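Undergrad: Here is my input; please provide its structure:
(2 chains)
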There are 2 protein chains.
Amino acid sequence: MTEEFASRVSITSKSGLNAIYPSHDPEMISFTGGFPDASLFPTKELGDSFQNVISGKQTPFQYQIGEESEPLRNQISQLLAADGTQVDASKIMVTQGAQQGLDLVAKLLINKGDGLVVEGPTYIGALAAFDAYEPTYYTVGMEEDGMNLVDLKKILIQQHVKLIYTIPDFQNPTGTVMSLAKRKQLVELANRYDVLLLEDAPYRWLRYEGESLPTLKSLDTQDRVIQLGSFSKILAPALRLGWLTAGNDLFERLQELKGGSDLETSSLMIQTVDYYLTHYDLNEHLGKLQKSYQVKRNAMMNAMERYLPDFAHYTKPQGGFFTWLTVPEDLDLEKVQNNQLKPSFHVMMIPSTNLFPDKTHRNGARISFSNVTLSQIDLGIQRLSNGLSSGYQKRSV
Amino acid sequence: MTEEFASRVSITSKSGLNAIYPSHDPEMISFTGGFPDASLFPTKELGDSFQNVISGKQTPFQYQIGEESEPLRNQISQLLAADGTQVDASKIMVTQGAQQGLDLVAKLLINKGDGLVVEGPTYIGALAAFDAYEPTYYTVGMEEDGMNLVDLKKILIQQHVKLIYTIPDFQNPTGTVMSLAKRKQLVELANRYDVLLLEDAPYRWLRYEGESLPTLKSLDTQDRVIQLGSFSKILAPALRLGWLTAGNDLFERLQELKGGSDLETSSLMIQTVDYYLTHYDLNEHLGKLQKSYQVKRNAMMNAMERYLPDFAHYTKPQGGFFTWLTVPEDLDLEKVQNNQLKPSFHVMMIPSTNLFPDKTHRNGARISFSNVTLSQIDLGIQRLSNGLSSGYQKRSV
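TA: Numbers count the residues shown, from 1 in each chain, chains lettered A, B, ... in the order given. Alright, predicted model coming up:
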C-alpha cells in the first residue's frame, strides 16, 4: 500500500532524538544524554514513599476523579513561591515530564506555518515536540547572557510570531543564563508585540554558583508566560512528572488537550511525589545534588582548560548539566564524530546539527557532565581533544 | 491580548471528556466512568512488584537508554500470541495507556480534513484525541454485530478515507461484539480500498460468556491493522501502561512521534508490570475479574429487565463495562439528565451527544456497571427508570 503520513511526519522523522542514546561500544565515554547521575537518586526515600502510598487507605491505582493532584499542586505552588514565582495551585497542571508540556503548548497554539521563535541552539526534544505542529521557525542566536534580543526584535517587527521558546536558566544546550536585563526586556518585547513566552526551567534549581535571577513568569504582568518545570532532573526521570503553569484561558484549554493526549498522569506517581515532598527535605536533597554536580562541572572545566586545542571554545555554566563547545566553522562536528571520535577515540557528544531547526549549523556540540564520573570526564576530554585536533588537520577546506 | 489558539482548539474544547467525572452529590449513583472496580486491583502483588523493582540491582528511576522495555514487550507478545495474534516484540510499543496510542496514530496519519471513519457512537476519549488533528469524520452506525458495513462501503467508495477506528470487542459505549463475518469483511474492505484500520481492544480479555473471536490484527495480511491494548482495565489505570502494535514503517514513525510527545514511558512502571507478569498469574487474575464483573453485568441486566419502561431498549454485553440505552428519538437524554435525573433522581450516565462526532444524537446513553455495587445497580436503575418515565411524560413534542 501507499502509506500517506500526515505532512508533519516528513519533519519529525528527522528529529535526531536518537542522538542522545549511548552506543554499544564498551569503551565509549558518552557526553550525550541529559541524564542525571543515578547514584544521586533518593532511592530509599522514593521507595518508602511508594510503599506508603500503595498501602494507604485510598487506592492510588484508580483513575483520578478530580482533585487527587491538589496536594502535589499545592506543594509545587509553594516551591515556586519560595523561588519568587507566585502561581496559584489551580493554575498548575501536572504533566508527563516537562516534555509533555512542550507538546501541549505547541498543540494549543501552533497552526501549520505559525511563527515560533527558538534559541539557536535549543533543546533537541523541544524541536521534536514542535515539529509535529509544523511551525515556521525563527532562530535567534545565543549570546553569553542569553538570546540576542536585537535580532529577536527585528523578527518581531517583521514577522507574525505567536510564541517565543526559551530556557533562561542553564540553557540546554549552551549552559547559558539569561541576564536580568534581558529577562525584563524579553517580557517587555512580548508585551509590546503581543506574543506568548514559553519558559522552560528544568535545570533552574541546579545552580552551583552565583545568585539566582527572577523567572520570566515572576516578571510577567500580562499572563503571557507559560512556565514548565520538572522533577526529572531534581528527583528522578522515571517518575515522569513535570508541571506547567499558565494563565486562565490558556490553562483550561491545555487541560482539555492533556485529556485527549493521555487522559491523565498517574495518581500513583502524583501521590508518591507528594508524599516525598511532605516527608523529606527537597532543599537538603537539592543541596546534595548541587554539591556533587558542582564537582563534576569543575572537573569538566579543568579538563577542557587543560586539554582542548586552542581553536576550541566552551561555555562556563553556573549550573545545569551542559557546556557548549564551539570550533572553527570549517570543522563539521557531526562528520568528525562519526568518522573519528566514535570509531577511533571512543568518545561522543551531541553535534549541533540537530539542535537548530534548519539543521545547517555544524561547528558546535553539547557536552554533558552530569552522568559521567570524574575520571571519565578527564579521560573523555583528553580523547575528545585528540580527536578534534586530528579532525582539524584532516578537515577538507 | 487577543489569544489566537490553533484551529484545532475550537473543536477539542467541546470534547465532553469532563462528562465522565462523578458529581459531588453524596446521594448520586453514577454510571458514567469506564472505571474498573478498585477492590479488584491486585494491590498486594503490584506493591510487591514495585518494591522488588525499586530494590533491584539496576535503578528503575533513570531514563531508558534503549532496551529496558524489551522484557515487557516480550511478555505482551506472548499474551497476544496466546490470544491468537502473532506480533513480534520489536513491533510493540509501550504507551501511556491506550489513550496515547490514539493520539499518536492520529498524529501520524491525519492532516486537517483527512477522512477518518468512526463508529457511531464511539469512545469519547478517541474523539478527544482525534479532534486535535481536525479530521473529516465519517460516522458509521452500530448494529448488533458491529458497525454497518454496507454504509461503510458506501463511504469508502465515495470518500477518501485514511483510517477506520473500531472497537471490535465489547465496544465502548455499546458493549457490542463485532461478528466474525464482519471482522473478515472489514479487513477485506480495508485491503480493497487501501485504508488503515485502528483496532482498539482494551476490554477484549474481559469476556463473561461466549467464545472469543479473532482480532482484526490476526486476520490482517497486509500490515493494515494498528492494534491498541492496555493494562488499565485488567490491572490498574494508574499504571498508565498500554501498548501499540503496527507494521514496520508505521511503527518507526510512531516511535519518533512518541519521543516528541513525552520522551518515554516510565521505566519503573514498565519494569514493575514485567515483574508482575513474571511472578504472578495474569490469567488467574483475569478469571477473578471476569467472575466479578459477570455478576455485575447480570445484576445490571436483571435491573434493566425489571425496571426500565417499555420505550427504553438496551444492549446485552458479553463482556466489557458497558450497556447502551436507547429511548425514542423525541427524548433528549442530555436534557433529561440535567433537568431531572441528576437534580431529582440522583443518578447519572453518559448521554449520547458527545459520543458522536457531530454531537446531534440525543436519545442514547452509555451505562457503566463496572464500578458500582450490586445494590447501587438495583437502586440506580430504579431511579433511572422513574426519571426516564417522568422525562418521557414531560418531553416537548
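Undergrad: For the longest helix along chain A, buried residues please.
TA: Taking DSSP state H as the criterion, chain A has its longest helix at helix A:282-307. Neighbour-count burial for helix A:282-307, counted by 16 or more other Cβ atoms under 10 Å in any protein chain shown, picks out A:282, A:285, A:289-290, A:293-294, A:296-297, A:299-301, A:303-304, A:307. No exception for glycine: its C-beta is placed from N, CA and C like everyone else's.
Undergrad: Tell me the helix or strand right after it.
TA: Next helix or strand after helix A:282-307 toward the C-terminus (DSSP states H and E): strand A:313-314.
Undergrad: Check which helices and strands that following strand sits against.
TA: Using 3 or more Cβ pairs under 8 Å, 6 or more residues apart in numbering or on different chains; DSSP states H and E, the elements in contact with strand A:313-314 are strand A:322-326.
Undergrad: mind listing what the longest strand seen in chain A pairs with, with the direction of each?
TA: In chain A, assigned by DSSP state E, the strand with the most residues is strand A:136-143. Its sheet considered, strand A:136-143 pairs with strand A:115-120 (parallel), strand A:146-147 (antiparallel) by DSSP bridges.
Undergrad: which of those strands is buried the deepest?
TA: Most buried of these by mean neighbour count (mean count of other Cβ atoms under 10 Å in any protein chain shown) is strand A:146-147; its value is a mean of 26.
Undergrad: who touches it?
TA: Identification of contacts with strand A:146-147 by Cβ atoms under 8 Å, 6 or more residues apart in numbering or on different chains yields A:119, A:140-141, A:166, A:168, A:171, A:176-179, A:182-183, A:186.
Undergrad: before we move on, what about stretch A:170-178?
TA: A:34, A:119, A:121-124, A:142-147, A:166, A:168-169, A:186, A:200, A:202-204, A:206-207, A:210, A:213, A:315-324, A:350, A:355, A:366.
Undergrad: For the longest helix of chain A, give the mean pLDDT please.
TA: Helix A:282-307 shows a mean pLDDT of 98.
Undergrad: quick one on the thing from earlier: can you put the strands paired with strand A:136-143 in TSV and add mean pLDDT and distance to residue A:78?
TA: TSV is the format used below for those (pLDDT from 0 to 100; distance: least, Cβ to Cβ, whole Å):
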stretch	mean pLDDT	distance to residue A:78
strand A:115-120	98	30
strand A:146-147	98	28
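Undergrad: I'd like those strands written out as TSV, with distance to residue B:77 added.
TA: Conversion of the strands paired with strand A:136-143 to TSV gives the following (distance: least, Cβ to Cβ, whole Å):
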stretch	distance to residue B:77
strand A:115-120	39
strand A:146-147	47
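Undergrad: Out of these, which gets nearest to residue A:264?
TA: strand A:115-120 (27.4 Å; Cβ to Cβ).
Undergrad: Please work out how many residues are found near residue A:194.
TA: By other Cβ atoms under 10 Å in any protein chain shown, 16 other residues sit near residue A:194.
Undergrad: Okay, now the unreliable bits of chain A?
TA: Counting by pLDDT under 70, the ranges of chain A that qualify are A:1-3, A:12-16, A:18-22, A:395-397.
Undergrad: For the helix or strand harbouring residue A:383, buried residues please.
TA: Under the criterion of DSSP H and E, residue A:383 resides in helix A:374-394. Across helix A:374-394, burial judged by 16+ other Cβ under 10 Å covers A:376-389, A:391-392.
Undergrad: helices and strands around it, which ones?
TA: strand A:29-30, helix A:282-307, helix A:333-336, strand A:347-348.
Undergrad: could you redo the last one with a cut-off of 10 Å?
TA: The contact analysis (3 or more Cβ pairs under 10 Å, 6 or more residues apart in numbering or on different chains; DSSP states H and E) places helix A:374-394 against strand A:29-30, helix A:282-307, helix A:333-336, strand A:347-348, strand A:364-368.
Undergrad: circling back to that earlier point, quick check: the farthest pair among the buried residues of helix A:282-307?
TA: Spanning the widest gap among those are A:282 and A:307, at 36.5 Å by Cβ to Cβ.
Undergrad: nearest residue to residue A:218 other than its sequence neighbours?
TA: Counting by Cβ to Cβ, 6 or more residues apart in numbering or on different chains, residue A:218 lies nearest to residue A:85, which is 4.4 Å off, once chain neighbours are set aside.
Undergrad: so who does the closest residue to residue A:111 other than its chain neighbours touch?
TA: Excluding the flanking residues, the one nearest residue A:111 by Cβ to Cβ, 6+ apart is residue B:6, at 4.7 Å. Contacts for residue B:6 (Cβ atoms under 10 Å, 6 or more residues apart in numbering or on different chains) come out as A:106-112, A:114, A:133, A:162, A:253, A:257, B:12, B:132, B:134.
Undergrad: Name the SS class of residue B:6, please.
TA: Recorded secondary structure, residue B:6: coil (DSSP: H, G, I helix; E, B strand; the rest coil).
Undergrad: Can you list the residue ranges for helices in chain A?
TA: Using DSSP H, the helices of chain A run over A:9-12, A:43-54, A:70-82, A:97-109, A:124-131, A:149-158, A:180-192, A:216-219, A:248-262, A:267-279, A:282-307, A:333-336, A:374-394.
Undergrad: JSON lines for the ones you listed, including distance to residue B:272?
TA: JSON lines is the format used below for these (distance: least, Cβ to Cβ, whole Å):
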{"stretch": "helix A:9-12", "distance to residue B:272": "30"}
{"stretch": "helix A:43-54", "distance to residue B:272": "10"}
{"stretch": "helix A:70-82", "distance to residue B:272": "20"}
{"stretch": "helix A:97-109", "distance to residue B:272": "18"}
{"stretch": "helix A:124-131", "distance to residue B:272": "25"}
{"stretch": "helix A:149-158", "distance to residue B:272": "46"}
{"stretch": "helix A:180-192", "distance to residue B:272": "42"}
{"stretch": "helix A:216-219", "distance to residue B:272": "35"}
{"stretch": "helix A:248-262", "distance to residue B:272": "18"}
{"stretch": "helix A:267-279", "distance to residue B:272": "10"}
{"stretch": "helix A:282-307", "distance to residue B:272": "23"}
{"stretch": "helix A:333-336", "distance to residue B:272": "38"}
{"stretch": "helix A:374-394", "distance to residue B:272": "31"}
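Undergrad: Can you check which of the ones you listed gets nearest to residue B:46?
TA: helix A:43-54 (7.2 Å).
Undergrad: who touches the residue of the stretch 251-397 of chain A found nearest chain B in this structure?
TA: When scored by Cβ to the nearest Cβ, the stretch 251-397 of chain A has residue A:260 as its residue closest to chain B, at 3.7 Å. Counting by Cβ under 10 Å, 6+ apart, residue A:260 touches A:104, A:107, B:8, B:12, B:15, B:17, B:99, B:102-103, B:106, B:125-133.
Undergrad: and stretch A:325-335, which residues are buried?
TA: A:325-327, A:331-335.
Undergrad: got it, and stretch A:113-133?
TA: A:114-133.
Undergrad: Show the end-to-end separation of it, please.
TA: End-to-end distance for stretch A:113-133: 8 Å, by Cα to Cα, to the nearest Å.
Undergrad: tell me the contacts of residue A:372?
TA: A:29-31, A:33, A:35, A:37, A:296, A:299-300, A:378-381 are the contacts of residue A:372 under Cβ under 10 Å, 6+ apart.
Undergrad: Domain ranges for chain A, per the record?
TA: A:9-41+A:284-394, A:55-279 (automatic domain parsing).
Undergrad: looking at the ones you listed, which is buried most?
TA: Most buried of these, by mean neighbour count (mean count of other Cβ under 10 Å): domain A:55-279, with a mean of 21.
Undergrad: The nearest residue to residue A:336 once chain neighbours are set aside and residue A:372, how far apart?
TA: Excluding the flanking residues, the one nearest residue A:336 by Cβ to Cβ, 6+ apart is residue A:391, at 3.8 Å. The gap separating residue A:391 from residue A:372 is 21 Å, by Cβ to Cβ, to the nearest Å.
Undergrad: same deal with residue A:108?
TA: Relative to residue A:372, residue A:108 is positioned 37 Å away (criterion: Cβ to Cβ).
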